[in-house]
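Q: Fold the stuff below for me.
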Amino acid sequence: MQDQHQQEVRRVPLGLVAGLSAALLTAGGGAAWIAWNSFMSSQTPPVPTTPKSSQALQPTAEEKVQVYWLNDVNNRIEVVPSSIMLEKVDKPSEILEGAFKSLLSGPADPALTTTIPKGTELRGVALEADGVHVDLSKEFTAGGGSASMTGRVAQILYTASSLDPASKVWIEVEGKPLEVLGGEGIVLDQPLTRENFEEDFAL
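A: Below is the predicted model:
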């Protein structure tokens, strides 16, 4: 009888131990799973987001400038302005540089013409204390009669003074002031202005 009681006493602790062990394993497994998920979440780097640039959405500021061409009006050559849009810049000299590049490329309108020889290049344009200096390549002096010479001078003068019609303009070729243009000897008394050009020359 005593032996049977001892066996029953032994069975109770073994059952409790097994139950407690299973509970601990279950609880431990859940805790381990939660800990693993927390660890993996902390190790996953956040996806960087690129901020949208507001600058890319802003329209480009533009500047209007006039380029001067020639046109036959009632059998008389006239200097005709044509407005073009250029990207806005800080320096007036850069605006004029863009205008001259357009001028030397030739007119887009077939009704307009130019007497500036093909191949003429802009060597530089500068706004100085004594006026606007326009330096052209030697091709500017090539070919043409007096009407052609007068027309090309007018185109340069009026385009150079498009920002200020009262500007004094100096025309240079290969870095030197242009004094006589063409074989017929058109004398240029520089600096030129629109007013004195209209008095001295007839297109």
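Q: Tell me how many other residues surround Gln155.
A: Gln155 sits with 22 neighbouring residues when counted by other C-beta atoms under 10 Å. In this view, the C-beta of every residue, glycine as well, is placed from N, C-alpha and C.
Q: what secondary structure does it sit in?
A: Here Gln155 is recorded as helix under DSSP: H, G, I helix; E, B strand; the rest coil.
Q: Identify the residue nearest it in space, chain neighbours excluded?
A: Of all residues beyond its chain neighbours, the one nearest Gln155 is Tyr68 (5.1 Å), with distances taken as C-beta to C-beta, 6 or more residues apart in numbering.
Q: Wait, a strand at the one you found?
A: Yes: assessed by three-state DSSP, Tyr68 belongs to a strand.
Q: So which residues of the chain form helices?
A: 2-43, 92-105, 146-160, 194-200 (DSSP state H).
Q: Mind exporting the C-alpha coordinates of stretch 63-73 to CSV?
A: Presented in CSV, the C-alpha positions along stretch 63-73 are these (Å, rounded to 0.1, in the frame of the first residue of the first chain):
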residue,chain,number,x,y,z
GLU,A,63,13.7,87.7,-73.5
LYS,A,64,12.4,89.4,-76.7
VAL,A,65,14.9,91.0,-79.0
GLN,A,66,14.7,92.4,-82.5
VAL,A,67,16.8,91.3,-85.4
TYR,A,68,16.9,93.4,-88.5
TRP,A,69,16.5,92.1,-92.1
LEU,A,70,16.0,93.8,-95.5
ASN,A,71,12.8,94.0,-97.5
ASP,A,72,11.8,95.4,-100.8
VAL,A,73,9.0,97.8,-100.3
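Q: Just the buried residues of that stretch, please?
A: Across stretch 63-73, burial judged by 16 or more other C-beta atoms under 10 Å covers 63, 65-70.
Q: Outside of stretch 147-154 itself, list whatever touches it.
A: The contact list for stretch 147-154, computed with C-beta atoms under 8 Å, 6 or more residues apart in numbering, reads 68, 70, 77, 79, 114-117, 140, 144, 171, 181-182, 184, 186, 188, 192, 197, 201-203.
Q: Separate out the buried members of these.
A: Judged by 16+ other C-beta under 10 Å, buried ones among the contacts of stretch 147-154: 68, 70, 77, 79, 114-117, 140, 144, 171, 181-182, 186, 188, 192, 197, 201.
Q: Next, count neighbours for Arg194.
A: Neighbourhood size, Arg194 [other C-beta under 10 Å]: 17.
Q: ok, it - contacts?
A: By C-beta under 8 Å, 6+ apart, the contact list for Arg194 reads 157-158, 161, 165-166.
Q: looking at those, which has the most residues close by?
A: Going by other C-beta under 10 Å, Leu157 tops the contacts of Arg194 with 25 neighbours.
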